[in-house]
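K.L.:
structure, please.
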Amino acid sequence: MNRLLPAFVLLAVPALAQAATLDGASLSLAWGLPFAGILLSIALFPIFAPGVWHHHFGKITAGWTALFLLPFAVSFGAGTSAALVVHALLAEFIPFVVLLFALYTVSGGILVWGNLHGSPALNTGLLALGTLLASVMGTTGAAMLLIRPLLKANDNRRHNVHVVVFFIFLVANIGGGLTPLGDPPLFLGFLKGVDFFWTLKAMALPVLLLVSVLLALFYALDSHYFRKEGVLPRDRTPDSAVKLYGLRNVPLLLAIIGAVLLSGFWQPGISFDVLGTPVALQNLVRDGLLLLIAAVSLRITPAQVRAGNEFNWAPMLEVGKLFAGIFITIAPVIAILQAGQQGQLASLVRLVTGSDGTPVNGMYFWMTGLLSAFLDNAPTYLVFFNLASGDAAQLMGPQAGTLLAISMGAVFMGALSYIGNAPNFMVKAIAEQRGIAMPSFFGYLLWSSSILLPLFLLLGWMFF
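P.N.:
Purely as a prediction, here's the structure:
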C-alpha cells in the first residue's frame, strides 16, 4: 500500500478536491465491502486462524485496502483516489496514531515494581486507580501500566480470572470515557471539532454511575472468592516494597494533555491545502509536540525501566497497520451515510431516525454500542458521528443527546468482547502469559453479557 501512494500523488493534480465532494448518493454499498472485510478480519481471524493473523495481519489489511483503491482509481480516476488517501491520512489517521504513540511511549516509561497482596480492598483500589488514569493516559497506557502489578498481586489466588475481566471492563474501556485522551473514539470526535471539556461534562455522570456500580460488584465478588479460598497458597512472588520508576515521564504526560488542549484553544486561522485537504497550523504544532514528547521520553527513560514493563512496539505497529486501512476504506461508507435518505444506507438512517426526522437517541446508543463490541469502537463511532450529521457544533448543541448516546455506546460497549477495543486483547494476552486461564471469546461474552448488559439497559433507560 505504501508503494502505491507516490504514484497516486503524482497523478493527483487534475482532481485535488474531488475526494471532499464524493457523492454518497451515487455510490453502491459494494464500495464498503473492503471496509467490512477489514473489520470482519479483525473479528474472526484471531478466533479461527490466530497464527495466520499474528504473522500476516498487515498483509491482510493491505490486501483489503488495495481491493478498494485499485477499482476506485479505475472508476473515479487516480487523482480522486490520491486526494481520498491523503485526506484519510492527514485529517484522521496521522493525528490519531500520533496521540496513541505518544501516550504508549510515555506510559511505557513508568514502571510499578514490587509485590502487593491481592486482597479485595487492594484489588478494588487498583481498579479504581486504573479507571481514573485511563482518561489521563489513555486506556492502553493505563492498562499496560497496571496489569502486571495487578497480576503479580494475585499470583497466589486460586480465583483470579474475574480480576482480569473487571480490569478489561473498567481500565481498558469505561475509564477512558471522560476525555478525548482516554479512548480512541473520543479523540476522533475531538479531531472532528468536539470540545475537550464537552466530553468531560457530558460523560461525567454516566461514567461515574457505571464505575461505581462495577467497583461495588467487583468488591462483593472478590470478597466472596477471597473467603471461599480460605488460607491462600504461598505467594510465588517474593515480598518487596512497591516502588515507582521512570517518574520523569509524569511531567511528559501533562505535556501531552497540554499539547492536545493547545490545538483546541489556539485557532490562528492558518491552514495549508494538501491535495484538497486543509491542514490547520494548530494541528501540525500539536502533532509535532507529541512526537517531540515521545522522543524525549525515549531519551530520558532508562532501558531497565522499559524492560521491566516488557515494552515493545508490536501493539503500535498493529494499530498503525490496521487503522491506516480502516481510515482509507471507510471513506465511501461515510459518504453514503452523509447522503442520508438518498444513500443506500437509508434503512439504517430510518432505524435511528424518528418519523419527524429527529434522531432516536436510544437506537444510536445501542447500535453504536453493539457494533463497537464486535467490530472496533473507533471506526464505529466515526460512522455514527457522520450519520447523526457530522457537524460537531450541531451535535454539541441541539443534538447533544445524540452525541452522548454515540459516545457512551462506543466507549462502554467496547468492553463487551475481546475485539471491541485494542487494549482488551493485549490484557488477555499478558494474563495468559502469566498462566491465567482466561475465558474463550464466547466465555468472555458470557461474563460481559451477564454483568454489563443489564447495566447498559439501565443507563439507556435513564439517559435516553
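
K.L.:
tell me the secondary structure of residue 112, please.
P.N.:
strand (DSSP: H, G, I helix; E, B strand; the rest coil).

K.L.:
my read: it touches residue 144, true?
P.N.:
No: between residue 112 and residue 144 there is no contact under CB atoms under 8 Å: 10.7 Å. C-betas here are computed from N, CA, C, even on glycine.

K.L.:
so these two - more neighbours on which side?
P.N.:
residue 144 (26 against 19; other CB atoms under 10 Å).

K.L.:
just checking, what packs against the helix or strand that one falls within?
P.N.:
In this assignment (DSSP states H and E), residue 144 forms part of helix 120-153. Judged by 3 or more CB pairs under 8 Å, 6 or more residues apart in numbering; DSSP states H and E, helix 120-153 is in contact with helix 94-107, strand 111-113, helix 161-170, helix 196-229, helix 250-265, helix 422-433.

K.L.:
now those in a markdown table, with distance to residue 410 and mean pLDDT?
P.N.:
Listed next are the helices and strands packed on helix 120-153 as a markdown table, based on distance: least, CB to CB, whole Å; pLDDT from 0 to 100:
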| stretch | distance to residue 410 | mean pLDDT |
| --- | --- | --- |
| helix 94-107 | 14 | 88 |
| strand 111-113 | 29 | 83 |
| helix 161-170 | 15 | 96 |
| helix 196-229 | 11 | 94 |
| helix 250-265 | 19 | 88 |
| helix 422-433 | 13 | 81 |
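
K.L.:
now render these as TSV, adding distance to residue 359.
P.N.:
Shown next, in TSV, are the helices and strands packed on helix 120-153 (distance: least, CB to CB, whole Å):
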stretch	distance to residue 359
helix 94-107	25
strand 111-113	44
helix 161-170	28
helix 196-229	16
helix 250-265	25
helix 422-433	28
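
K.L.:
excluding chain neighbours, what is closest to residue 317?
P.N.:
residue 58 (7.8 Å; CB to CB, 6 or more residues apart in numbering).

K.L.:
and the one you found, how many neighbours?
P.N.:
Residue 58: 16 neighbours (other CB under 10 Å).

K.L.:
repeat for residue 443
P.N.:
Neighbour tally, residue 443, other CB under 10 Å: 13.

K.L.:
hang on, the earlier thing: nearest to residue 120, of the helices and strands packed on helix 120-153?
P.N.:
helix 196-229 (4.2 Å; CB to CB).

K.L.:
ok, back up a step: avg pLDDT for the helix holding residue 144?
P.N.:
Taken as a whole, helix 120-153 has an average pLDDT of 90.

K.L.:
centroid residue for the protein?
P.N.:
By CA atoms, centre = their mean, the chain has its centre lying nearest to residue 184, at 3.5 Å.

K.L.:
and the residue lying closest to that residue once chain neighbours are set aside, what is it in contact with?
P.N.:
Spatial nearest neighbour of residue 184, chain neighbours left out: residue 378 (4.1 Å); criterion: CB to CB, 6+ apart. Shown in contact with residue 378 (CB atoms under 8 Å, 6 or more residues apart in numbering): 96, 184-185, 188, 323, 326, 410.
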